[in-house]
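Asks: no letters, just coordinates:
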């Protein structure tokens, strides 16, 4: 290792770079093939419904429970700080803006990566290692169309919806704590919220964020499964990669999107 | 049967998502349906804008009738020019109406209050409100107060 010549090091560095670029290219091609391949509806719709169920509906409990608790905690913390300045009515506006702009899309994204993303990777990886994917190809069925595309679409559709539900449930939890428990006047709680929240700038930008996150998370999850080494170790590594990459991508993209949306450039 | 319950679950999920968007629009952001289309523009020049922001509301007798859409500096007169969009149905503002920058509560946000004048002629689209009252700047007030006490002492 010590005596590695400089040229050899540069070569290894170059190979690592080429591998990254290759993986990016492979995953882009894979995405394009899956999404743009002949999308005959019909049986495809059935497949999509099934995936929507396993990706979206089954993620609902964790999203709702964490949404309520995060909303409640935000209201509690916000109240404790704002009450010092005598402006505890602003707690509604604080909870709503925090949830809509940041926590809704981001926390949903992280939970979605952990709950649905890892499952997608493991499922597709297992299909690959038991050679179900190649047998599909053998009998003339395109696995990209029958296995991958419905999962991608299910992820794209369900995550923004989950983020919306998360925000609503969180605001409800916040209202419960602030109004019913801490005694903030209900009229000013909702009134301040409505005055400060703008539908286009806050709600729709939050939805846009969650759409971007949905795209990235599902893409990473499905591609890691499809591209993994077909061994049990490979599957476990791919699942870990999915969660780590997806979480990092969500947090990094969140900063960029926030800067673009709210940063006043 | 299995797919039926599955489809019902998915249907409920999609409905819940759309309902959530509707709730956020109506309950949280207070979006009203007929909003931006039926408005006309008014300008007002203020000596001091001090804290007024875009999207601040424009009120008359405490009722919101529009919002501030732009704030910029008028280079020639060195005043701040505020562009407001006022609802079409409030089209009977006399030309000598007064626009003043008010504060909601002690530390609340700034908004514009319009009080009616007595002129017969009415403000039209792109019209300018001449009579304005600038924002109350706390430092100026304190300054005046201090000056008063100093003057009294010297007498």
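Replies: Received the coordinates, thanks. Fair warning: this is a prediction, and the values are worked out from it, not measured in the lab. Residues are numbered from 1 along each chain as shown, chains lettered A, B, ... in the order given.
Asks: residue contacts, the residue nearest to residue A:153 when sequence neighbours are not counted?
Replies: Spatial nearest neighbour of residue A:153, excluding adjacent residues (CB to CB, 6 or more residues apart in numbering or on different chains): residue A:48 at 5.7 Å. No exception for glycine: its C-beta is placed from N, CA and C like everyone else's. Counting by CB atoms under 8 Å, 6 or more residues apart in numbering or on different chains, residue A:48 makes contact with A:150, A:153, A:154.
Asks: where do the strands sit along chain B?
Replies: Secondary structure of chain B (DSSP state E): strands at B:39-46, B:57-60, B:63-74, B:79-87, B:98-103, B:110-115, B:127-129, B:131-133.
Asks: dump these to TSV, plus mean pLDDT and mean neighbour count.
Replies: Below are those laid out as TSV (pLDDT from 0 to 100; neighbours: other CB atoms under 10 Å in any protein chain shown):
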stretch	mean pLDDT	mean neighbour count
strand B:39-46	88	20
strand B:57-60	85	19
strand B:63-74	85	15
strand B:79-87	88	20
strand B:98-103	86	18
strand B:110-115	86	20
strand B:127-129	85	18
strand B:131-133	83	17
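Asks: residue A:121: which of these is closest?
Replies: strand B:63-74 (47.6 Å; CB to CB).
Asks: paired strands for the closest one, with orientation please.
Replies: strand B:57-60 (antiparallel), strand B:79-87 (antiparallel) (DSSP bridges).
Asks: and those strands as CSV, adding distance to residue A:161?
Replies: What follows is the strands paired with strand B:63-74, written out as CSV (distance: least, CB to CB, whole Å):
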stretch, distance to residue A:161
strand B:57-60, 32
strand B:79-87, 33
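Asks: need the residues of chain A near chain B, please.
Replies: Counting by CB under 8 Å from any CB of the partner chain, chain A comes close to chain B at A:46, A:49-50, A:52-53, A:56-57, A:60, A:85, A:87, A:96, A:100, A:157-158, A:160-162, A:164-165, A:167-168, A:171, A:190, A:193-195, A:197-199, A:202-203, A:207.
Asks: ranking the contacts of residue A:48 by neighbours, who comes first?
Replies: residue A:154 (25 neighbours; other CB atoms under 10 Å in any protein chain shown).
Asks: and that residue, that one's in a helix?
Replies: Yes - inclusion of residue A:154 in a helix is indicated when DSSP: H, G, I helix; E, B strand; the rest coil is applied.
Asks: wait, it sits on residue A:51?
Replies: Yes - counting by CB atoms under 8 Å, residue A:154 touches residue A:51, with 3.5 Å between them.
Asks: elements contacting the host helix or strand of residue A:91?
Replies: Using DSSP states H and E, residue A:91 sits within helix A:91-98. Under the contact criterion of 3 or more CB pairs under 8 Å, 6 or more residues apart in numbering or on different chains; DSSP states H and E, helix A:91-98 touches helix A:60-82, helix A:149-175, helix A:186-196.
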